[in-house]
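Novice: test case, fold it:
(one chain, ligands or ions: 2)
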Amino acid sequence: MRKSVVAIVGRPNVGKSTIFNRLVGERISIVEDIPGVTRDRIYAQAEWLHHTFNLIDTGGIEIGDEPLLVKMRHQAEIAIDEADVIIFLLNGKEGITAADEEVAKLLFKSNKPVVLGINKIDNPEMRDTIYEYYSLGFGEPFPVSGSHGLGLGDMLDQIVSYFPQKEMEEDDEDTIHFSLIGRPNVGKSSLVNALLNEERVIVSDIEGTTRDAIDTNLTVDSQDFVIIDTAGMRKRGKVYEATEKYSVLRALKAIERSDVVLVLIDAETGIIEQDKKIAGYAHQAGRAIVIVVNKWDTVESDEKAMKNFEEKIRAHFQYLDYAPIVFLSAKTKKRLHTLIPVIKLASESHANRIQTNVLNDVIMDAIAMNPTPTIKGKRLKVLYATQVAVKPPSFAVFVNDPELMHFSYKRFLENKIRDAFGFIGTPIKIFARRRQ
Ligand code: GDP
Ligand code: GDP
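Specialist: Ligands and ions are numbered 1, 2, ... in the order given. Down below sits the predicted model:
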């Protein structure tokens, strides 16, 4: 299912990131300390009424040292390319500037729904000043105050009124959506092309849209897949497409829609810092992950080389210990046939649901083997566990006191669950909940 995307555009200092943070709230907290993942967010999930949507702060995409007007034009173009609805934010204390006029022209031409937010209207007396903004031609201006959290509800009502009545439903449940992420030149396009040219692969149709990644439907041994191809996008050659933040944004959008994410590593050059950052995003999103070591043709490919490379990956991506590794060459197609079965397996794990009684047998056996810890004289008591969600599989463990369930005991239970049920390729989540 694709969520609607909303982008905020506006001059520097009008309050874009303040509004962004307000709308996103604290929903997305980075719980784990994954090295290399930047904390400044430009893309995050927000909620209003029964709508969940994704929000982009175009101000966070630095395109370089450009004059204001050029910068503004690029931000507007990104919003037009990426979003379903655009928030055009102005500073209510400053009125309409030449740069605002410029942005307005571009947005107007795009025919995308635009909602005018007039920020820094911190008290009701200032509301009288907003009428001049009607002249921009986007209808009613919404007075808001990012720093005081005022007026956001009315603006959000207007935004969600532009969303499609039903969230865009995509195919049926059984179709596996996957995407390929990795740094430039790792071989994403080559791998997509190699897969599509495989003998057993039936490509039914290729849907290209100007805005989204290119989706390709394919069938292998009667299993339907959709490849969400972000790599193909890049070939359009717009200036901002070369910026790192923009490629991150695209990767995040693709991850969002995927069941399985293939994290590509270049066997020829080895693992670099950027790979870790990219893998971190996929892990945080809770998607199934397969690590693909591409360009395996460039390596002396015996068992030992594979083992060595695997050890390196495990050392660099410790938090991805659940992700299977596939070695292949998109160029020579060597070992290419091993990929699809692993994607399928990871997707099955991601959607796997364990019966409560079977789960509890495993948990109780685990506890018998490794008694629960005692912290400050108080012993953790585990009463029972149940799976509360899939994609990723999430388990609630009911205990006497959640404070007593430390990370290491959670990890122990996770390992026992994995030993019993596999869950190859998917992260799993364990929550401790209080039950007397
Ligand atoms: P951006 O460059 O558009 O992302 O703007 P920021 O969100 O960084 O905000 C720029 C400045 O405006 C900061 O000093 C904010 O504290 C301030 N600001 C943001 N929203 C409001 C508001 O509603 N009222 C007032 N008075 N100041 C605000
Ligand atoms: P992308 O930027 O991730 O989409 O990477 P491309 O698919 O455009 O590939 C980048 C370069 O790597 C191209 O020159 C490809 O020919 C080369 N390449 C891709 N896959 C392989 C492979 O398996 N082996 C070798 N030796 N080269 C490859």
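Novice: mind listing what the residue in the stretch 251-400 of the chain that ligand 1 sits nearest to touches?
Specialist: At 18.9 Å from ligand 1, residue 252 is the closest residue in the stretch 251-400 of the chain, using Cβ to the nearest ligand atom. Where C-beta positions appear, they are placed from N, C-alpha and C, glycine not excepted. Counting by Cβ atoms under 8 Å, 6 or more residues apart in numbering, residue 252 makes contact with 43, 281, 285.
Novice: 7 Å instead?
Specialist: 43, 281 (Cβ atoms under 7 Å, 6 or more residues apart in numbering).
Novice: would you say it is within a strand?
Specialist: No: assessed by DSSP: H, G, I helix; E, B strand; the rest coil, residue 252 does not belong to a strand; its assignment is helix.
Novice: least trustworthy helix or strand in the chain by mean pLDDT?
Specialist: strand 201-207 (a mean of 65; mean pLDDT, DSSP states H and E).
Novice: run the chain-centre distance for the helix or strand just after that strand.
Specialist: Heading C-terminal from strand 201-207, the first helix or strand you meet, by DSSP states H and E, is strand 214-220. Strand 214-220 sits 20 Å away from the centroid of its parent chain (Cα atoms, centre = their mean, to the nearest Å).
Novice: with stretch 334-345 instead?
Specialist: Counting by Cα atoms, centre = their mean, stretch 334-345 is centred 23 Å from the centre of its parent chain.
Novice: can you show me the CA trace of it as CSV?
Specialist: What follows is stretch 334-345, C-alpha atoms only, in CSV (Å, rounded to 0.1, in the frame of the first residue of the first chain):
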residue,chain,number,x,y,z
LYS,A,334,26.7,-16.4,-12.1
ARG,A,335,24.7,-17.6,-9.1
LEU,A,336,21.9,-15.3,-10.1
HIS,A,337,19.3,-18.1,-9.8
THR,A,338,20.0,-18.3,-6.0
LEU,A,339,18.5,-14.9,-5.4
ILE,A,340,14.7,-15.3,-6.0
PRO,A,341,14.3,-18.3,-3.6
VAL,A,342,16.0,-16.3,-0.8
ILE,A,343,13.8,-13.2,-1.5
LYS,A,344,10.8,-15.6,-1.2
LEU,A,345,12.1,-17.1,2.0
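Novice: number of nearby residues for residue 342?
Specialist: By the criterion of other Cβ atoms under 10 Å, residue 342 has 20 neighbours.
Novice: sorry, slip of the keys, the one I care about is residue 134.
Specialist: So residue 134, with other Cβ under 10 Å, has 12 neighbours.
Novice: same question for residue 361.
Specialist: Neighbour tally, residue 361, other Cβ under 10 Å: 12.
Novice: same deal with the one 3 residues further on?
Specialist: Residue neighbour count, defined by other Cβ under 10 Å, stands at 13 for residue 364.
Novice: CA atoms only for the helix or strand containing it - export them in CSV, please.
Specialist: Assessed by DSSP H and E, residue 364 sits inside helix 356-369. The C-alpha coordinates for helix 356-369 follow below in CSV (Å, rounded to 0.1, in the frame of the first residue of the first chain):
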residue,chain,number,x,y,z
THR,A,356,0.3,-18.8,20.7
ASN,A,357,0.5,-22.3,22.2
VAL,A,358,3.4,-23.3,20.1
LEU,A,359,5.2,-20.0,20.9
ASN,A,360,4.7,-20.5,24.6
ASP,A,361,6.1,-24.0,24.5
VAL,A,362,9.3,-22.5,23.1
ILE,A,363,9.4,-19.6,25.6
MET,A,364,8.7,-21.8,28.6
ASP,A,365,11.4,-24.3,27.5
ALA,A,366,13.8,-21.4,27.1
ILE,A,367,13.1,-20.1,30.6
ALA,A,368,13.6,-23.6,32.1
MET,A,369,17.0,-23.7,30.4
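Novice: check which residues of it are buried.
Specialist: 359-360, 362-363, 366-367 (16 or more other Cβ atoms under 10 Å).
Novice: give me the subset of those residues touching ligand 1.
Specialist: Among the buried residues of helix 356-369, not one lies near ligand 1 by Cβ under 6 Å from any ligand atom.
Novice: what does the stretch 201-350 of the chain put close to ligand 2?
Specialist: When proximity is defined by Cβ under 6 Å from any ligand atom, the stretch 201-350 of the chain lies next to ligand 2 at 231, 294-295, 297-298, 329-331.
Novice: oh, I was asking about the stretch 51-200 of the chain
Specialist: So the stretch 51-200 of the chain meets ligand 2 at 182, 184-190 (Cβ under 6 Å from any ligand atom).
Novice: for those, pick the one with the most neighbours.
Specialist: Most surrounded of these: other Cβ under 10 Å gives residue 186, at 28 neighbours.
Novice: what's downstream of the helix holding residue 364, the next helix or strand?
Specialist: Immediately after helix 356-369, counting by DSSP H and E, sits strand 374-375.
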